[in-house]
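Enquirer: Sequence first, then the predicted structure:
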Amino acid sequence: MSTHFPILANTSTAPAISPNDMGAGSHPRPPWLRVKFFGGPNYQELKRIMRTLDLHTVCESARCPNMGECWEHRTATFMILGNICTRACGFCAVPSGKPLGPPAEDEPERVAEAVERMGLRYAVVTSVNRDDQPDGGAAIFARTITEIRRRVPGCRVEVLIPDFRGDWAALQTVLAANPDVLNHNMETVPRLYRQVRKGAEWERSLELLHRAREMAAETPTKTGMMLGLGESREEVLAAMEEIAAQDTHILTIGQYMQPTHEHLPIVRYVPPAEFAEYKFLGERMGFRHVEAGPLVRSSYHAFEQEEAARA
């Protein structure tokens, strides 16, 4: 049963996104969004390993602001199934278009080798959307989990999967490989889906989280949202309640950052205090862990999130 929680501040509905309205995106970033770039020896070594094995990371492709920090701490999110997405979401910097060919069959082995060479004990694997593939790439996800475990016994694996266009057999294929965390990002509130997540549906993504809990009750589920695209507080809290009602374990909430001027504009910079309120209310809704802050991304501090979800 969903419980409604109080709004802690002004709840006036924000205007819809307009491509011609740059909003906050035309102004300098506030001080809480300035990050120090790390480029030490660990960063350089990880970059060399990725290039040597011809692998992609969402850290680079999505221009994550935490890339320097995470790479210097020997943490990265592998992006499989190539580097061209079959969808063109308004927020995402990953190149979109028609993939050049089928997924590389040896990619799971290369990812596992990179995990071993990096000495990881927690690996995060995500992908582009591959709507051109019958199973959306689910079999490659499953093989990647299996290969990492075979090559690095004891390494925990989190997967951040697409919606597979509602192909629940594909979801079952991934879950049968026993990932330690099953993540699928909701990204934004229902009203903004048509502008933000082209080709996706709020109800379908919500059903994915629900079905994942039914198919693999012992596997923690996780999702993420980004703020600053024009959503109101009422919409954010209503979305959180719907997600919590699916018995989702982990929720991440961060600030949307416009990758280029061709992407959706930033309507508003959300202050840190507001993120703290969402964390407080989210934990009251029943999430086992809520990671909320301007620089939070889906895989940021993923190891600690998984531990909190199992506590």
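Expert: Received the coordinates, thanks.

Enquirer: what's the weakest-modelled helix or strand in the protein?
Expert: helix 58-61 (a mean of 53; mean pLDDT, DSSP states H and E).

Enquirer: where does the stretch 1-150 of the chain dip in pLDDT?
Expert: Along the stretch 1-150 of the chain, the model assigns pLDDT under 70 to residues 1-27, 34-47, 49-51, 53-76.

Enquirer: Might you list the low-confidence residue ranges for the stretch 151-300 of the chain?
Expert: For the stretch 151-300 of the chain, the stretches flagged by pLDDT under 70 are 299-300.

Enquirer: What segments of this protein are strands?
Expert: Using DSSP state E, the strands assigned to the chain run over residues 56-57, 77-80, 122-127, 156-160, 181-183, 221-227, 250-255, 289-292.

Enquirer: would you turn those into CSV with mean neighbour count and distance to residue 98?
Expert: (Each C-beta comes from the backbone N, C-alpha and C, glycine too.) Output for the strands of the chain, formatted as CSV (neighbours: other CB atoms under 10 Å; distance: least, CB to CB, whole Å):
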stretch, mean neighbour count, distance to residue 98
strand 56-57, 22, 17
strand 77-80, 25, 18
strand 122-127, 24, 16
strand 156-160, 24, 23
strand 181-183, 25, 26
strand 221-227, 24, 27
strand 250-255, 24, 30
strand 289-292, 23, 35
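
Enquirer: could I get the ones you listed as JSON lines with distance to residue 240?
Expert: What follows is the strands of the chain, written out as JSON lines (distance: least, CB to CB, whole Å):
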{"stretch": "strand 56-57", "distance to residue 240": "29"}
{"stretch": "strand 77-80", "distance to residue 240": "24"}
{"stretch": "strand 122-127", "distance to residue 240": "22"}
{"stretch": "strand 156-160", "distance to residue 240": "19"}
{"stretch": "strand 181-183", "distance to residue 240": "16"}
{"stretch": "strand 221-227", "distance to residue 240": "8"}
{"stretch": "strand 250-255", "distance to residue 240": "7"}
{"stretch": "strand 289-292", "distance to residue 240": "9"}
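
Enquirer: Tell me which of those strands approaches residue 191 most closely.
Expert: If you check each of these against residue 191 by CB to CB, strand 221-227 wins as the nearest, at 13.0 Å.

Enquirer: Does residue 168 touch residue 210 like I think?
Expert: No - in this structure, residue 168 sits apart from residue 210 without contact. The criterion is CB atoms under 8 Å, and the distance is 10.5 Å.

Enquirer: what ranges do the helices span in the stretch 151-300 of the chain?
Expert: When secondary structure is read from DSSP state H, counting those that start in this stretch, the stretch 151-300 of the chain shows helices at 168-176, 193-196, 202-215, 233-244, 272-285.

Enquirer: of these, which approaches residue 28 most closely?
Expert: Counting by CB to CB, residue 28 lies closest to helix 272-285 out of those; the figure is 17.0 Å.

Enquirer: could I have that closest one exported to CSV, CA atoms only?
Expert: The C-alpha trace of helix 272-285 is given here as CSV (Å, rounded to 0.1, in the frame of the first residue of the first chain):
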residue,chain,number,x,y,z
PRO,A,272,21.6,19.9,-1.9
ALA,A,273,19.0,20.4,0.9
GLU,A,274,16.2,19.3,-1.4
PHE,A,275,18.1,16.1,-2.2
ALA,A,276,18.4,15.5,1.5
GLU,A,277,14.7,15.8,1.9
TYR,A,278,14.1,13.2,-0.8
LYS,A,279,16.5,10.9,0.9
PHE,A,280,14.7,11.3,4.2
LEU,A,281,11.2,10.8,2.6
GLY,A,282,12.4,7.9,0.5
GLU,A,283,13.6,6.0,3.4
ARG,A,284,10.3,6.6,5.2
MET,A,285,8.6,5.1,2.1
